[in-house]
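Asks: Just to be clear, the model below is a prediction. Sequence and coordinates:
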Amino acid sequence: MFLVFLISLLIVGLVSISISLTMKLRVNEKRDEGVKLSWWSRDFRETNRLYREYYPASSLPDMDTYVGYLVYALLVAFLLTGLLKKS
């Protein structure tokens, strides 16, 4: 069971990273050289906000938010499974 949760978290994490990188790349293409987002910045809210401004019809910011919620749900399920298994 642990392996299933670990693989699920890995897959969801890779999806989240790829969505965030895609949005950051597309936002940086639209911005001037002096105001581009830094690559090591982990400010996903700023990236989502700017992406919504430049691409209002896109669903990537929503998907990024839902994938984040899915990570939290998987972590809670993993913790609950561990607690209930000990009983």
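Replies: Good, I have the coordinates.
Asks: Report the buried residues of stretch 46-53.
Replies: Within stretch 46-53, the residues scored as buried using 16 or more other Cβ atoms under 10 Å are 47, 48, 50, 51, 52. In this view, the C-beta of every residue, glycine as well, is placed from N, C-alpha and C.
Asks: Which pLDDT value does the model give the second one?
Replies: Right, the one you point to is residue 48. Residue 48 carries a pLDDT value of 90.
Asks: State the distance from residue 43 to residue 79.
Replies: 27 Å (Cβ to Cβ, to the nearest Å).
Asks: before we move on, what about residue 72?
Replies: The gap separating residue 72 from residue 79 is 11 Å, by Cβ to Cβ.
Asks: same thing with residue 12?
Replies: 16 Å.
Asks: Which of the two has more residues huddled nearby?
Replies: Neighbour totals were compared for residue 12 and residue 79, and residue 12 leads with 16 against 11 (other Cβ atoms under 10 Å).
Asks: Surely that one touches residue 74?
Replies: Yes: checked against Cβ atoms under 8 Å, the pair residue 12 and residue 74 is within contact range at 6.5 Å.
Asks: on that earlier part again, return the member of the buried residues of stretch 46-53 nearest to residue 30.
Replies: residue 50 (8.3 Å; Cβ to Cβ).
Asks: I'd like the next helix or strand past the helix or strand hosting that closest one.
Replies: Assignment of secondary structure by DSSP states H and E places residue 50 within helix 44-54. Later in the chain than helix 44-54, the nearest helix or strand by DSSP H and E is helix 60-86.
Asks: which stretches of the chain have low pLDDT?
Replies: Counting by pLDDT under 70, the chain contains low-confidence ranges at 87.
Asks: can you do 90?
Replies: Applying pLDDT under 90 to the chain flags residues 1-10, 12-13, 15-17, 20, 30-47, 64-65, 67-68, 70-87.
Asks: ok, longest helix in the protein?
Replies: Ranked by number of residues, the top helix in the chain under DSSP state H is helix 2-30.
Asks: Go ahead and flag the most central residue of the protein.
Replies: In the chain, the residue lying closest to the centroid (Cα atoms, centre = their mean) is residue 16, at 3.4 Å.
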